[in-house]
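[1] compute the structure for the input listed below.
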Amino acid sequence: MSEKTPATLYYDIISPFAYLYIKQRQRLEHQLNITPVPILLGGLFRATDNKGPGEIAAKRPHTYQFCVWQAEKLGIPFRFPEHHPFMTVAAQRLLVQEKANWTMVERAFDYVWVEGKDPNLSWSEFCTYLGLPAETVKPESPEVKAELIANTNQAKADGAFGVPALIFNQHCFWGVDTIDWALDYLARPGMFEETSYSYAGNVPNGLT
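    Okay, here's the model as predicted:
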């Protein structure tokens, strides 16, 4: 059996699309060895001059209702938290501090998108849900803060501009709808050198 290709998945538990993605990651795991890496989505948005759909009034209800529909189609449990978006700094720092494996990452997502809760409003419960002591405090160490910032900066350097962002072979596959694209690329590794893809990646901007 051939060795799996190493890959990174950048995530923030604020994203319903990242939640729906990790619930399908087994589709990729027979070919990729995927490492989950927590980032701050808000920081990545600022660094890439981007905005989330939750910040755009006209896009917000459409996007949120689409998530409900997509979860129904995929048969994935899904429940919006009591408010959204919310701050995920403490939760993401905790995942950095604990060097969260896939089990803990999935539990963190489940707390938001299955239980429908904001970790900030029930921190002790969130910690026990992850298998940590209820008295676990919100991380404040400079080292953890710096690592989360470094992860976010690395995501930008790797070409990510949102989450979920799967990175491997120097290519970024963004969004819950790119799993099939990633699989096609694995089966056709010369894809991005093909003329049509090369041109599409370098089309001149007619508005500048």
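
[2] summarise which helices and strands the helix or strand hosting Ala18 is packed against.
    Assigned by DSSP states H and E, Ala18 belongs to helix 16-22. In terms of contacts (3 or more CB pairs under 8 Å, 6 or more residues apart in numbering; DSSP states H and E), helix 16-22 is packed against strand 5-11, helix 60-74, helix 102-113. Yep, even glycine has a C-beta here, placed from its N, CA and C like the rest.

[3] dump these to JSON lines, plus distance to Leu183 and mean neighbour count.
    Below are those laid out as JSON lines (distance: least, CB to CB, whole Å; neighbours: other CB atoms under 10 Å):
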{"stretch": "strand 5-11", "distance to Leu183": "12", "mean neighbour count": "21"}
{"stretch": "helix 60-74", "distance to Leu183": "16", "mean neighbour count": "13"}
{"stretch": "helix 102-113", "distance to Leu183": "19", "mean neighbour count": "20"}
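
[4] could you dump the ones you listed into JSON lines and include distance to Trp181?
    Listed next are these as JSON lines, based on distance: least, CB to CB, whole Å:
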{"stretch": "strand 5-11", "distance to Trp181": "14"}
{"stretch": "helix 60-74", "distance to Trp181": "17"}
{"stretch": "helix 102-113", "distance to Trp181": "22"}
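
[5] can I get the helix holding Ala18 as PDB, trimmed to CA atoms?
    Written as PDB, here are the backbone C-alpha positions of helix 16-22 (Å, rounded to 0.1, in the frame of the first residue of the first chain):
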ATOM      1  CA  PRO A  16     -20.600  25.300   9.900                       C
ATOM      2  CA  PHE A  17     -18.900  24.400   6.700                       C
ATOM      3  CA  ALA A  18     -15.800  23.200   8.500                       C
ATOM      4  CA  TYR A  19     -18.100  21.100  10.700                       C
ATOM      5  CA  LEU A  20     -19.800  19.600   7.700                       C
ATOM      6  CA  TYR A  21     -16.300  19.000   6.100                       C
ATOM      7  CA  ILE A  22     -14.800  17.100   9.000                       C
END
